[in-house]
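Peer 1: Structure for the following, please:
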Amino acid sequence: MAGMEELCQQNQTLQAQVQDLTRNHRRDAYPLQTAPEFQPFSEAIAVVEIPESLRTLVLDSYDGTTDPREHLAIFNTKMLINGATEQLKCKLFPGTLKNGALTWFSSLPPRSIVTFSDFSQHFLSQFSAKQANQITSASLFNIRQKSGESLKNYLFRFTNVFMQARNKDPTICTEAFENGLSAGPFNEDLPIRHAQSLDEIRKRAAPFIIQEESNRLKADRDKEERARHQTNQPRRTDPFTDRGNL
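Peer 2: Model prediction:
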């Protein structure tokens, strides 16, 4: 009997060791991935620090159910009085949002806020009551990424429309987004593992948007360098023309 108890104990110890090895293998094979940090501001805006005098400024809040123009007018008036720059307005305005308005802001693509003018226009478009009553599920499937439109802009535009839709079913949202996406790296990535929500789409799109922006900047740089090179090229002379000028 003692031998059987010792054998059972050894068997339990062995099972525990196998379970530990299995867990370690899974952890090594499938390392945990942290979600990209939410950063909707451009790099130029992100580095701007809010002065202490504006940190304690009391601002009216907005939940997405009232007139967005009135809220924006009140905000702009306070910013004018306090001498806030356009970049500071971008940093301070999200602090006035709550409920549905804050949810909209939290869904913005990374680095999509470049100027306060564009930011405020997207805000006004988003919370227009007239538009909110016109968005249906069929409208979402009619959205297409335009020729030459960046992934960032398409995601921004789709998000604006989706947040106005009466039916915010996540399945309809992800299918409509993928339906309107143009051919490209992100379009090839999404079908491999279909997204379950717009938030997942936004997170998975982040590295593709960064890569796209990097390629665009390098293409612009190369274009400028070619233009400078052509400008610095010595002018070719025509021997017949030059002979006539002698």
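Peer 1: which stretches of the protein have low pLDDT?
Peer 2: Residues of the chain that meet the criterion pLDDT under 70 lie in 1-37, 129-134, 233-246.
Peer 1: can we see that at 50?
Peer 2: 1-4, 7-8, 18, 21-22, 25-35, 130, 246 (pLDDT under 50).
Peer 1: Tell me where it has helices.
Peer 2: Along the chain, counting by DSSP state H, helices occupy 2-29, 43-46, 52-55, 68-81, 86-92, 99-106, 116-126, 129-132, 137-141, 151-162, 170-180, 185-189, 198-232, 239-244.
Peer 1: Which positions in the third one come out as buried?
Peer 2: Of all the residues in helix 52-55, those buried under the rule 16 or more other CB atoms under 10 Å are residue 54. To be clear about C-beta, it is placed using only N, CA and C from the backbone, and glycine gets the same treatment.
Peer 1: Quick one: list the elements packing against that helix.
Peer 2: Judged by 3 or more CB pairs under 8 Å, 6 or more residues apart in numbering; DSSP states H and E, helix 52-55 is in contact with no other helix or strand.
Peer 1: again, 10 Å this time
Peer 2: Here helix 52-55 touches helix 86-92, going by 3 or more CB pairs under 10 Å, 6 or more residues apart in numbering; DSSP states H and E.
Peer 1: Touching the helix it packs on from outside, list them.
Peer 2: 40-42, 44-51, 54-55, 57, 59, 75-76, 78-80, 82, 84-85, 113-120 (CB atoms under 10 Å, 6 or more residues apart in numbering).
Peer 1: what residues go with each domain of this structure?
Peer 2: If you go by automatic domain parsing, the domain ranges for the chain are 35-127, 135-223.
Peer 1: Go through the ones you listed and name the closest to residue 231.
Peer 2: Each of the domains of the chain has some distance to residue 231 by CB to CB; the shortest is domain 135-223, at 12.8 Å.
Peer 1: Quick check: end-to-end length of the closest one?
Peer 2: 41 Å (CA to CA, to the nearest Å).
Peer 1: quick one, what contacts the spatially most central residue of the chain?
Peer 2: Centroid-nearest residue in the chain: residue 109, 1.5 Å away (criterion: CA atoms, centre = their mean). Going by CB under 10 Å, 6+ apart, residue 109 touches 40, 150-159, 201-202, 205-206, 209.
Peer 1: from the residues you listed, which is closest to residue 229?
Peer 2: Nearest to residue 229 among the contacts of residue 109 is residue 150, at 27.3 Å by CB to CB.
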